[in-house]
Structures are given as C-alpha cells and as structure tokens.
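Student: make a model of this:
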Amino acid sequence: MLKRIHVAGALMAVLMLAPALMRATPQDSAAQKKATDGPEPGHSYRLDFTISELEDGKKINSRQYSINLNSGDQNEIKIGTRVPVEAKQGEIQYLDIGTNIWCRLRDRADIAWLSNDVMLQVRSDLSNFAIPEQQVQSTRPVIRQVKIDSSAIATVGKQMVVGSADDPNSKRQFQLEVMVTRLK
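Tutor: Residues are numbered from 1 along each chain as shown. Below you'll find the model as predicted:
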C-alpha cells in the first residue's frame, strides 16, 4: 500500500512538472545550439566589371575591373584624379574625376530555387573632363559624368548588364556589365 502511494505521488509530480520541463527543454537546446553554432560563413566571390563605350551600336572602348568580395560585405574600386577647384573665393574643394565602383553582395542560397543567385547592389560613377568641343567659355573645368545605381539578382557564372546610359551630346552609349564567379 505504501508502495502504491509513493508511485502515485511520483506520477502526480511528473504530470505536474512535465509541461514546465517540456517548455524549458526546447529553449535550452536552442540556446545551446546558438552558443555552439556561429553564423554560417558566406561564400567568397570575384566580381568582374566591364565598362563599355558604344557608338552607333559598335563597341569602341572597353575597360575591365575586378574585385574579390565576401557575401554580406561591401567593397569599392576607385581610380582617378583628385582635382582642386576653387568653390568660393579662397576655398579649395577637391573633385574625384575617374572611375568609382561600389558594390555589395549577399548570398541567396537560403532559398532553394535561387541557390545559384546572389543579391547585388552596384553604384558606379564614371567622370572625365569634357573634350574641347564640349567646353564652355569658363576658367573652371567642365566635367562629363555617368552614374549608374542598380540593385539586381545576378546568376553566378553569367554576365549581365547592370545598367546603360546614352550620352545626350553624342551617339555614344555607356554600359556597365558584371560577371559574378564563386571562389572556392
């Protein structure tokens, strides 16, 4: 009889504590998993940019730029000249003239149907001095500039046009292309 009372008491205690134990167990295992598992590292990529200048549909000039980038990071390529310009009387300001390409990349492997795709953000600024025919009568330099800002999903291993712009003063067009390659 005493044995039945102990068994019944133990059973009652287990039934009363079971919901609390069941709620605590998943939280504990989730906390343990979070503590031992760090964030999954992203992949490394190489981005190959091509800036092409076309006239009447024919490529007349092309420049290549490459940069390595880890998923989730951002990087920048800057090539050019810093030109001093007098903004106000006695106040010098510097202009960046040349090629600037900023990019950010994120993996999309978390979505099965986009496993070979990446999210890509690109900001580019291409500037140079106007040719003599485009200069106005001024002591200050005339700067020609093309900006392309884009956000797209790119497929790894396939070249894509990020953006293009027509030059309003000529029959020329500028194209920015990118090829994303996953590194080992």
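Student: kindly provide the distance from residue 72 to residue 43.
Tutor: 10 Å (C-beta to C-beta, to the nearest Å). Where you see a C-beta, it was placed from the backbone N, CA and C, and this is true even at glycine.
Student: wait, what's in contact with residue 125?
Tutor: 96, 99-100, 145-147 (C-beta atoms under 8 Å, 6 or more residues apart in numbering).
Student: residue 72 and residue 43 - which one has more neighbours?
Tutor: residue 43 (16 against 13; other C-beta atoms under 10 Å).
Student: which phi and psi does that one have?
Tutor: Dihedral pair for residue 43: phi -90, psi 160, per degrees, to the nearest 10.
Student: wait, it sits on residue 184?
Tutor: No. The pair residue 43 / residue 184 is not scored as a contact, 9.2 Å apart, by C-beta atoms under 8 Å.
Student: buried subset of the contacts of residue 125 as a ChimeraX selection?
Tutor: A single ChimeraX command suffices to select whichever of the contacts of residue 125 are buried according to 16 or more other C-beta atoms under 10 Å:
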select :99,100,146
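Student: among the contacts of residue 125, which pair sits farthest apart?
Tutor: Distances among these were taken as C-beta to C-beta; the most separated pair is 96 and 146, at 14.0 Å.
Student: okay, and the common contacts of the two?
Tutor: 125, 127.
Student: before we move on, back to that, which of the contacts of residue 125 fall within strands?
Tutor: Of the positions in the contacts of residue 125, 96, 99-100, 145-147 sit in strands, assigned by DSSP state E.
Student: in which helix or strand does the nearest residue to residue 160 once chain neighbours are set aside reside?
Tutor: Nearest non-adjacent residue to residue 160, counting by C-beta to C-beta, 6 or more residues apart in numbering: residue 154, 5.6 Å away. Using DSSP states H and E, residue 154 maps to strand 143-155.
Student: each with direction, which strands does that strand pair with?
Tutor: According to DSSP bridges, strand 143-155 forms sheet pairs with strand 117-129 (antiparallel).
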